[in-house]
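Engineer: After the sequence you'll find the predicted model.
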Amino acid sequence: MNIDIKVLDARMAGCLPAYATPGSAGLDLRACLDAPLTLAPGACELVRTGLAIHLADAGFAALILPRSGLGHKHGIVLGNLVGLIDSDYQGELMVSAWNRSPVSFTIAPMDRLAQLVVVPVVQAQFTVVDTFAPSLRGAGGYGSTGKD
Ligand SMILES: O=c1ccn([C@H]2C[C@H](O)[C@@H](COP(=O)(O)OP(=O)(O)OP(=O)(O)O)O2)c(=O)[nH]1
Ligand SMILES: [Mg+2]
């Protein structure tokens, strides 16, 4: 699919999001910073990406996810855990960078900080009912199918 993208910071023009391999699901988002940003343990900062996208079609959304290496090795994940980009959002893509580790971490300008995944979405409509059609599970949850 084609997505309209705006370059809000000229430095991003040469490094637009791109799939790293033919099988990649995620597009890396870079930290559009003027200077290195040090996140103290537990700190969370909203980081610009210098980019805006307009998905335009309500049948799609984009998710901002952590990069696995940064998250696992350095504890740099997302303050909102997952960022959800609505199809009608036209503002700058922002990354909530959270240092969940006990050690400070410095993000350098243009570092790849998070990744964007475009996903299909179904917008549901609701029908109010008094009873549901029977299902095998019914209201059973939270381990109701057993431990193994
Ligand atoms: O990590 C994120 C999460 C969201 N957004 C943008 C796109 C999204 O469409 C908009 C609103 O996000 P969301 O609906 O999750 O936040 P909200 O707190 O419900 O705000 P709103 O009242 O604007 O919907 O903010 C980002 O840039 N980065
Ligand atoms: Mg919202």
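Structural biologist: Thanks, I have the structure now. Ligands and ions are numbered 1, 2, ... in the order given.
Engineer: Show me the residue at the heart of this structure, geometrically.
Structural biologist: Computing the C-alpha centroid of the chain and ranking residues by CA atoms, centre = their mean puts I64 first, at 0.8 Å.
Engineer: Just the pLDDT at that residue, thanks.
Structural biologist: You'll see I64 listed with a pLDDT of 98.
Engineer: Could you pull up the contacting residues of the residue of the chain found nearest ligand 1?
Structural biologist: Closest to ligand 1 within the chain is G83: 2.2 Å, counting by CB to the nearest ligand atom. Backbone N, C-alpha and C define where each C-beta goes, glycine included. By CB atoms under 8 Å, 6 or more residues apart in numbering, G83 lies in contact with L63, I64, L65, M94, V95, S96, A114.
Engineer: Repeat that for S101.
Structural biologist: Taking CB under 8 Å, 6+ apart, one finds P41, H74, G75, I76 in contact with S101.
Engineer: before we move on, back to that, just list whatever residues bridge to the residue nearest to the centre of the chain.
Structural biologist: Taking DSSP bridges, one obtains G83, L116 as the residues bridged to I64.
Engineer: Pull out the buried positions in the strand ranked longest in the chain.
Structural biologist: Scanning the chain for the longest strand, with DSSP state E as the assignment, gives strand 44-54. By 16 or more other CB atoms under 10 Å, the buried positions in strand 44-54 come out as C44, E45, V47, R48, T49, G50, L51, A52, I53.
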